[in-house]
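Participant: have a look at this fold, sequence not included:
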């Protein structure tokens, strides 16, 4: 794969910090190394801002990278952010340098907070990550620094781009009014803030209550013949308001790797398609059940007879084709896990 040399002294398109960037000439994308966001690949259209909901997306990217930075670094995963929707043809097993985890824009936008309480808490999580320790401050020089803070504040351009600064100023006022942040050694041109005890307590409480990302994990046999089913599952998981995730390297079919267990632990639920009856899928489903996660079992009709006796006793979606799978899976997710409102 052709990659241009690094361009130093560039800016990260997500957080605005200094970053090393190089072109991926064959992919219409950029490979970005940012000290704050980590290492990731970003589609050219996204990087240039030539998409709708760019403020919402930047906030979701900012939050996603910081919630996953340590895990990505430890497992040498480079997240690949693409504008390809689940269900459209894409090579999900591409390699260069290290394994790429492909995440669509549509999936990332599911992270945007659904109510004001979550929004305030997620902003505070971002600010806590920024200041890093109790007593440290963050500063905003007005008419200069605000845009660099926009990704932290989950601003919504659906109310009009002209409202972005108003939303930002109002959220600062709300955080101060609720004693979550306090001014510290400010002057007329530069405001410094520190997080209060109440602010740190809110962060701690929110993180304990929201250890799971709003994602649905798919455990299945990753053979070529199952690609349509994989896309069908991803599409329905996304339509129900969750981020679809699968570890779809063929080498993982019969291996239980730490990344799989890590992702199952922080998923809201698991869709386990037993078609092909891979030992790894049985293990992943059992592991999820042991954690108390909802597991939705599926199996293609012509292979159900081969399903293990114990699992045959469970309520299973026995599907004929991908359309049938989508219709029944959507109803099952809504009935057992619930559909998230994302707009």
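Facilitator: Received, thanks. None of the values given here were measured: they were computed from a predicted structure.
Participant: which positions within the helix ranked longest in the chain qualify as buried?
Facilitator: Scanning the chain for the longest helix, with DSSP state H as the assignment, gives helix 54-75. Under the neighbour-count criterion of 16 or more other CB atoms under 10 Å, helix 54-75 has 55-69, 72 buried. Glycine gets a C-beta too; all of them are placed from N, C-alpha and C.
Participant: what mean pLDDT does that helix get?
Facilitator: Average pLDDT, helix 54-75: 84.
Participant: and the angle from the helix or strand following it to helix 54-75?
Facilitator: Once the chain leaves helix 54-75, the next helix or strand it forms, by DSSP states H and E, is strand 78-82. For strand 78-82 against helix 54-75, the angle by axes from the mean of the first three to the mean of the last three CA atoms, to 10 degrees is 150 degrees.
Participant: what's strand 78-82 packed up against?
Facilitator: strand 38-43, helix 54-75, strand 98-104, helix 105-108 (3 or more CB pairs under 8 Å, 6 or more residues apart in numbering; DSSP states H and E).
Participant: save these as JSON lines, and put in distance to residue 151 too.
Facilitator: Below are the helices and strands packed on strand 78-82 laid out as JSON lines (distance: least, CB to CB, whole Å):
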{"stretch": "strand 38-43", "distance to residue 151": "14"}
{"stretch": "helix 54-75", "distance to residue 151": "4"}
{"stretch": "strand 98-104", "distance to residue 151": "17"}
{"stretch": "helix 105-108", "distance to residue 151": "12"}
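Participant: pull the residues that contact the longest helix of the chain.
Facilitator: 13-15, 37-40, 46, 51, 77-79, 81, 101, 103, 105, 108-109, 111-112, 122, 125-126, 129, 150-158, 164, 213, 258-259, 262 (CB atoms under 8 Å, 6 or more residues apart in numbering).
Participant: 7 Å instead?
Facilitator: With contact meaning CB atoms under 7 Å, 6 or more residues apart in numbering, helix 54-75 is reached by 14-15, 37-38, 40, 51, 79, 81, 105, 108-109, 111-112, 122, 126, 129, 150-152, 154-157, 164, 259, 262.
Participant: buried only: go through those for me.
Facilitator: For the contacts of helix 54-75, buried by 16+ other CB under 10 Å: 14-15, 37-38, 40, 79, 81, 105, 108-109, 111-112, 122, 126, 129, 150-152, 154-157, 164, 259.
Participant: residue 278: which of the helices and strands packed on strand 78-82 is closest?
Facilitator: strand 98-104 (19.7 Å; CB to CB).
Participant: can you map out the helices along the stretch 201-343 of the chain?
Facilitator: 227-239, 258-265, 279-290, 309-312, 322-336 (DSSP state H, counting those that start in this stretch).
Participant: identify each buried residue in the shortest one, please.
Facilitator: Within helix 309-312, the residues that qualify as buried by neighbour count (16+ other CB under 10 Å) are residue 311.
Participant: remind me what that helix packs against, helices and strands.
Facilitator: On a contact count with 3 or more CB pairs under 7 Å, 6 or more residues apart in numbering; DSSP states H and E, helix 309-312 meets no helix or strand.
Participant: how about the first one?
Facilitator: In terms of contacts (3+ CB pairs under 7 Å, 6+ apart), helix 227-239 is packed against strand 215-219, strand 243-246, strand 269-273, helix 322-336.
Participant: where among the ones you listed is the average confidence lowest?
Facilitator: strand 243-246 (a mean of 83).
Participant: and that strand, what does it pack onto?
Facilitator: Using 3+ CB pairs under 7 Å, 6+ apart: strand 243-246 touches strand 215-219, helix 227-239.
Participant: what does it contact?
Facilitator: Against strand 243-246 from outside (CB under 7 Å, 6+ apart): 86, 107, 110, 213-218, 230, 233-234, 237-238, 263, 267.
Participant: out of those, give me the one that has the most neighbours.
Facilitator: For the contacts of strand 243-246, counting by other CB atoms under 10 Å, the largest number of neighbours falls to residue 237: 29 neighbours.
Participant: tell me if I'm right that it and residue 216 touch.
Facilitator: Yes - assessed by CB atoms under 7 Å, residue 237 is found in contact with residue 216 at 4.1 Å.
Participant: overlap in contacts, the two.
Facilitator: By CB under 7 Å, 6+ apart, the residues touching both residue 237 and residue 216 are 244, 271.
Participant: may I ask which helix or strand of this protein has the lowest mean pLDDT?
Facilitator: Counting by mean pLDDT, DSSP states H and E, the chain has its least confident helix or strand at strand 95-96, which shows a mean of 28.
Participant: make CSV from the helices and strands packed on helix 227-239 and add distance to residue 197 to it.
Facilitator: Listed next are the helices and strands packed on helix 227-239 as CSV, based on distance: least, CB to CB, whole Å:
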stretch, distance to residue 197
strand 215-219, 32
strand 243-246, 33
strand 269-273, 35
helix 322-336, 39
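Participant: of those, which is nearest residue 305?
Facilitator: Across those, residue 305 has its closest neighbour in strand 269-273 (15.6 Å, CB to CB).
Participant: and that closest one, which strands flank it?
Facilitator: strand 215-219 (parallel), strand 295-300 (parallel) (DSSP bridges).
Participant: show me the domain layout of this structure.
Facilitator: For the chain, automatic domain parsing gives the domain ranges 9-111, 116-209, 212-343.
Participant: among the ones you listed, which gets the worst mean confidence?
Facilitator: domain 9-111 (a mean of 75).
Participant: from residue 215, how far off is residue 328?
Facilitator: 21 Å (CB to CB, to the nearest Å).
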